[in-house]
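Student: Got a sequence here, can you model it:
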Amino acid sequence: MKVGMFIALCMAFVLVACAPVSRPAAQPPSPTLTVVDDGSLVQEENIVVAKPTERSQPMLPPVSAAITDLAGRLGVAPAEIEVVSVEAVVWPDGSLGCPQPGMLYPQVLQEGMRIRLSAAGVLYQYHSGERRAPFLCENPTEPAPPGTSLGGN
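Tutor: Residues are numbered from 1 along each chain as shown. Got it, this is the predicted structure:
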């Protein structure tokens with residue numbers, strides 16, 4: 001009985017040792033790390049959003065809200081709106097990159113998103129930040145330079 005068990009163990013070992021080796025799945029690229037003037041590292045996030053299809057997973061809620069808003073403004077179906085880009089950004093102040101004439105804004109860095117949509121060849125930009133939902137920005141300004149962090153370190 002012990003000999004039969006030994007042979008069975010040897011066969012199992014041979015079968016496992018001869019099994020094909022598969023390569024590990026490719027890992028997604030890691031976020032970019034940037035060294036800023038004071039020597040601290042800041043993680044910059046890259047958000048990739050594909051145009052939704054019936055089989056794709058749901059979009060980020062702010063992107064979906066921006067598409068719905070623009071489709072309503074233009075009187076078109078949401079499927080006619082193309083997602084050009086979605087970026088996690090740091091806005092330089094409380095205007096969230098969309099200052100209005102005569103308004104004063106808190107001079108505090110704000111985390112947010114810049115969503116660029118296109119319809120019929122026209123580019124539209126939506127901004128969000130803090131607790132504010134995405135809104136159409138007709139006269140956008142640029143976010144803070146890459147590598148700007150809210151935290152000091």
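
Student: Show me where this structure has its helices.
Tutor: According to DSSP state H, the chain carries its helices in the segments 2-17, 61-74.

Student: which strands and helices sit next to the last one?
Tutor: What that stands for is helix 61-74. strand 82-91, strand 110-119, strand 122-129, strand 132-136 (3 or more CB pairs under 8 Å, 6 or more residues apart in numbering; DSSP states H and E). In short, each C-beta sits where N, CA and C put it, glycine included.

Student: If we go by neighbour counts, what in that helix is buried?
Tutor: Pro62, Val63, Ser64, Ala65, Ala66, Ile67, Asp69, Leu70, Ala71 (16 or more other CB atoms under 10 Å).

Student: Now tabulate those residues in JSON lines and tack on pLDDT and distance to Arg116.
Tutor: Shown next, in JSON lines, are the buried residues of helix 61-74 (pLDDT from 0 to 100; distance: CB to CB, whole Å):
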{"residue": "Pro62", "pLDDT": "94", "distance to Arg116": "13"}
{"residue": "Val63", "pLDDT": "96", "distance to Arg116": "10"}
{"residue": "Ser64", "pLDDT": "95", "distance to Arg116": "15"}
{"residue": "Ala65", "pLDDT": "96", "distance to Arg116": "15"}
{"residue": "Ala66", "pLDDT": "97", "distance to Arg116": "9"}
{"residue": "Ile67", "pLDDT": "97", "distance to Arg116": "12"}
{"residue": "Asp69", "pLDDT": "97", "distance to Arg116": "14"}
{"residue": "Leu70", "pLDDT": "98", "distance to Arg116": "11"}
{"residue": "Ala71", "pLDDT": "97", "distance to Arg116": "15"}
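
Student: Please consider this matter closed, and thank you.
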